[in-house]
Each structure stands twice: as structure tokens, then as C-alpha cells.
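J.: can you look at this prediction? I've put the sequence above it.
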Amino acid sequence: MPCGSRPRSPRRRSCWRVRLWRGRPSGTRLSSTTSTTRGWNSPRSTPASPTGRGCGALSASELRPVIGVTTYRQRARSGVWDVPASFLPAAYLDGVTRAGGIAVLLPPQPVDPGIVDRVLDGLDGLLITGGRDVDPAAYGQDRRPDTDEPAHDRDDWEFALLHAALRRTMPVLGICRGAQVLNVALRGTLHQHLPAVLGHTAHRPAEATFASVRVRTVPGTRLAELIGDGLEARCYHHQGMDRLGAGLVVAAVDEEGVIEGVEMPGPDFVVGVQWHPEETLDDVRLFAGLTDVARVYAGSRCVRED
């Protein structure tokens, strides 16, 4: 679990080796790591009208927001069967439900005209999960031998969902691959293999083995408001963020300056983390951050319905 229309990015400067974030003094706002232009197909505008979900007499605090959760598509064994399947570790769903949301699975499927808006009409938030590496062609690079074979159906599906969600100002949380999808969708780039630029495998020490990585948040960010100064994160990613996508700022780094969290400043909830909060469900603050804002989003849909 490392961790389209696919836009191509400008060629990377050959002098770059690894982008490590060195931080700014406490209490200041980020500027140098923030793009001043927005990414392709990602305007934030008035949320689309709902399609008739009744909210009855529920108050905003009583609403259970519906969170769409993206899934894998790959071969899986179940009993006597060994077939292509769409599935997801239950920990993601547990994180949503423990935080007061209702989880709905969103398996990869063809992006036909209108399908994404039809799906999002029934949701209050979007969670893009971990999984296979994003196709490097999406950010203008050739695939390295240590980068996964691309899953074009999933890339296309998640890029389309994300852009449509951003247009609606729908709350979005990206986890591991999901954070990388967010960055690439907004014209950012990735380091395809962190060990090649850092010289170690501390973020994914072995197959099926999570690393414990100390992460510190950037003061003044939404992520800092959610989880405080930092935490011991469960990481399993061999890739990392290089150039940030348009509109994103650094929200968390590890002790070496590797970017572990990004977000969009402002009132909308758009957050991506490289670690796996679903692996430590005694702490659901990130999931609660998503569901709390999604509950407000759901309430605004009810008002427009009425």
C-alpha cells in the first residue's frame, strides 16, 4: 500500500535533487512555498445544488455526513475465488464512522460525462485513500523501475472526483497516495523514490512494515489546529512531494524536512497527509476534522433544499 486526462507538467529543473522544507518562524504565514496560480480545472465556486436528499428536522449537529471513500481495483482471493475486485482496508471506513460520518465506497470506474457530478451530488465529503503510485506521466516524468505500474483507471477516477469536489468546495482529505493525487492534480510533482534522494528507507523500512516518523506541523495551518504541534506518524511511503501544486502550502514536515502534510489555506477543508491516520484509530482527529466540516457542508445543502 505505497504510500486520465492527466496533465503534464513543465520539465523539472535538472539542478533539483530533493525538495526539503526548512520551515518559517512561528506565527508567520507561508508564502514562498505557495503557488499564486490555481491548477487546471480546479476553480472553487458555489457548491452544486443537491439532488433532493431530505434532512427533515435534523439540526446541523445531528447530521451524519456522507463521505465518499475511494478504493483499489486489483486481484483478490475470497474463498475459492481469485478475481479482480474493488476493495479497501476496513480501517479507513472505521475512521470515518468513528468520527461520526457515513462511509460510501467509490471504486474506480470509467469517467463518463456527468458521472462524477452524479456521484458527488450524494456526498458531503471526499476521502482519497492510499495505494499504488500515481502515474508519473501525470506530472511529466518517465516511470522509474522502482515506481509501480500505473493504474490508469484509478488515476483518472480520482483526478476527476477531486477536481469536481474542489469546484463545489466540498471537504477533501487525501491520505498517502491521496495526498500525492491532490498535489499532482494541481500541477505539482513527486519524488518517485525517496531512498534515491535521501539515502535511506526510513519512511517505508520493509514490505508490509509501517515506520514511526516524527512529524511537526506548521504553526497557523489547519493541520496544526487539528493535531497540535506534531505527532508520531505511521508512514508507509517511498515517494514524496517535490514541487507543490497550485494553491497548496506545506502543513507538516518530518525531522529531515520531508513534506508530510499539505493543505489549501482559507475556509475550505482541503488537506493531504503522507502518513496513515487509519493505522492509529485511538486518535481520529483528522477524520473528525473532515466529518465536522462535511457536516456543515451537509447542513448548507439542507438549507438550499428547503
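T.: Sure, I can see it. Numbers count the residues shown, from 1 in each chain.

J.: show me the contacts for Ala284.
T.: I think there's a mix-up here, since residue 284 is Val and not Ala. Val284 makes contacts with 95, 98-99, 277, as judged by Cβ atoms under 8 Å, 6 or more residues apart in numbering. Heads up, the C-betas are built off the backbone N, CA and C, glycines and all.

J.: shaky segments in the stretch 201-306 of the chain?
T.: Across the stretch 201-306 of the chain, residues meeting the criterion (pLDDT under 70) sit at 303-306.

J.: what do you get if the cut-off is 90, keeping everything else the same?
T.: Low-confidence segments of the stretch 201-306 of the chain, defined by pLDDT under 90, span residues 201-202, 204-209, 300-306.

J.: hey, where'd the helices end up in it?
T.: Assigned by DSSP state H, counting those that start in this stretch, the helices in the stretch 201-306 of the chain fall at 222-227, 285-305.

J.: make TSV from those helices and add mean neighbour count to it.
T.: TSV is the format used below for these (neighbours: other Cβ atoms under 10 Å):
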stretch	mean neighbour count
helix 222-227	20
helix 285-305	20
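
J.: who wins for proximity to Asp268 among those helices?
T.: Asp268 sits nearest to helix 285-305 of all the helices of the stretch 201-306 of the chain, at 8.3 Å, using Cβ to Cβ.

J.: give me phi/psi at Ala138?
T.: With angles defined as degrees, to the nearest 10, Ala138 sits at phi -70, psi -20.

J.: hmm, I was thinking of Phe87
T.: Main-chain torsions, Phe87, degrees, to the nearest 10: phi -150, psi 180.

J.: give me the distance between it and Ala251.
T.: Phe87 is 30 Å from Ala251, where distance means Cβ to Cβ, to the nearest Å.

J.: still on that earlier bit, out of the contacts of Val284, list just those in helices.
T.: Members of those lying in helices (criterion: DSSP state H): 95, 98.

J.: identify the farthest-apart pair in the contacts of Val284.
T.: Largest separation among those by Cβ to Cβ: Arg98 and Pro277, giving 11.2 Å.

J.: which residues are common contacts for those two?
T.: When contacts are counted by Cβ under 8 Å, 6+ apart, Arg98 and Pro277 are jointly contacted by 284, 287.

J.: neighbour count: those two, which is higher?
T.: Pro277 (23 against 14; other Cβ atoms under 10 Å).

J.: just checking, that one touches Asp283?
T.: Yes: the criterion here is Cβ atoms under 8 Å, and Pro277 meets it with Asp283 at 7.2 Å.

J.: and His163, that one's in a helix?
T.: Yes: His163 forms part of a helix when assessed by DSSP: H, G, I helix; E, B strand; the rest coil.

J.: how many neighbouring residues does it have?
T.: Neighbours of His163 under the rule other Cβ under 10 Å: 20.

J.: for Arg144, see how far away the spatially most central residue of the chain is.
T.: Centroid-nearest residue in the chain, with Cα atoms, centre = their mean: Gly174, separated by 1.4 Å. According to Cβ to Cβ, Gly174 and Arg144 sit 22 Å apart.

J.: about what we covered before: now the residue nearest to the centre of the chain: which helix or strand?
T.: Using DSSP states H and E, the element containing Gly174 is strand 172-175.

J.: and what of Arg154?
T.: For Arg154, the element it lies in under DSSP H and E is helix 152-168.

J.: and that helix, what's buried?
T.: By neighbour count on 16 or more other Cβ atoms under 10 Å, the buried set for helix 152-168 is 154-168.

J.: could you do stretch 188-202 as well?
T.: Neighbour-count burial for stretch 188-202 flags 188-194, 197-198, 202 (criterion: 16+ other Cβ under 10 Å).

J.: which among the helices of the stretch 201-306 of the chain is found nearest to Val69?
T.: helix 285-305 (10.5 Å).

J.: could I get the CA-only coordinates of the closest one as PDB?
T.: The C-alpha trace of helix 285-305 is given here as PDB (Å, rounded to 0.1, in the frame of the first residue of the first chain):
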ATOM      1  CA  ARG A 285      -8.700  13.900  14.900                       C
ATOM      2  CA  LEU A 286      -8.000  14.000  11.200                       C
ATOM      3  CA  PHE A 287     -11.100  12.000  10.300                       C
ATOM      4  CA  ALA A 288     -13.100  14.200  12.700                       C
ATOM      5  CA  GLY A 289     -11.700  17.300  11.000                       C
ATOM      6  CA  LEU A 290     -13.100  16.000   7.700                       C
ATOM      7  CA  THR A 291     -16.500  14.900   9.100                       C
ATOM      8  CA  ASP A 292     -17.000  18.100  11.100                       C
ATOM      9  CA  VAL A 293     -16.600  20.300   8.100                       C
ATOM     10  CA  ALA A 294     -18.600  17.800   6.000                       C
ATOM     11  CA  ARG A 295     -21.500  18.100   8.500                       C
ATOM     12  CA  VAL A 296     -21.500  21.900   7.900                       C
ATOM     13  CA  TYR A 297     -21.400  21.300   4.200                       C
ATOM     14  CA  ALA A 298     -24.400  18.900   4.500                       C
ATOM     15  CA  GLY A 299     -26.300  21.400   6.600                       C
ATOM     16  CA  SER A 300     -25.800  24.100   3.900                       C
ATOM     17  CA  ARG A 301     -27.200  21.600   1.300                       C
ATOM     18  CA  CYS A 302     -30.300  21.100   3.500                       C
ATOM     19  CA  VAL A 303     -30.800  24.900   3.700                       C
ATOM     20  CA  ARG A 304     -30.700  25.100  -0.100                       C
ATOM     21  CA  GLU A 305     -33.100  22.200  -0.400                       C
END
